[in-house]
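# Take a look and give me a structure for this.
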Amino acid sequence: MRSAERSERPGAGAVERLLSGLLRTGVVASLSVVVFGTIVTFVHHPGYLKLPPALKGFTQAGAPCPSTFREVAVGIGQFRGQAIVAAGLLLLIATPVLRVAVSMVAFACRKDRIFLAITLTVLLMMVLPFVLGRVGL
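Next comes the predicted model:
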């Protein structure tokens, strides 16, 4: 972006740095949680490393895996690797949603109604599938 364009929008550089930092932090944190959960899984089940059929049973379709927020929370409380990995994936999914929400706040603070409306629409499009899935549609 040219410096002339930035001067028209005070604070735009700070918001852009915040958003890029948010994305980087979310991705790194998510990756760290997934790797940690994978390590926990293999520490609790060393047979997965030595016995291919055991690992296949763990990774094939239909294998038990936490699929709700409650199951993930309970699994984390029990220090289950699969639940920790699922939490890392949820964090990865939440990162861009949070980025859009922060962008929306930034546009609201700047009183930029057009971009606020666009960002709100994007946020709704990101959240709506989760809500519809929750109610069973």
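# List the buried residues for the longest helix seen in the chain?
If you go by DSSP state H, the chain has its longest helix at helix 12-44. Across helix 12-44, burial judged by 16 or more other CB atoms under 10 Å covers 15, 19, 22, 26, 30, 33, 34, 37, 40, 41. (Glycine included, C-beta is placed from N, CA and C.)
# dump the residue contacts of the closest residue to residue 119 other than its chain neighbours.
Spatially, and ignoring its direct neighbours in sequence, residue 119 is nearest to residue 104 (4.4 Å; CB to CB, 6 or more residues apart in numbering). Going by CB atoms under 8 Å, 6 or more residues apart in numbering, residue 104 touches 116, 119, 120, 123.
# Going by distance to residue 70, which of those wins?
Distance ranking of the contacts of residue 104 against residue 70, using CB to CB, places residue 123 first at 24.4 Å.
# Setting aside sequence neighbours, what's the nearest residue to the closest one?
Distances taken as CB to CB, 6+ apart place residue 100 nearest to residue 123, at 4.8 Å, with adjacent residues excluded.
# sorry, back to before: could you export the contacts of residue 104 to JSON lines, including columns for neighbour count and pLDDT?
Below are the contacts of residue 104 laid out as JSON lines (neighbours: other CB atoms under 10 Å; pLDDT from 0 to 100):
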{"residue": "116", "neighbour count": "18", "pLDDT": "93"}
{"residue": "119", "neighbour count": "20", "pLDDT": "94"}
{"residue": "120", "neighbour count": "16", "pLDDT": "94"}
{"residue": "123", "neighbour count": "16", "pLDDT": "93"}
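# No more questions from me, cheers.
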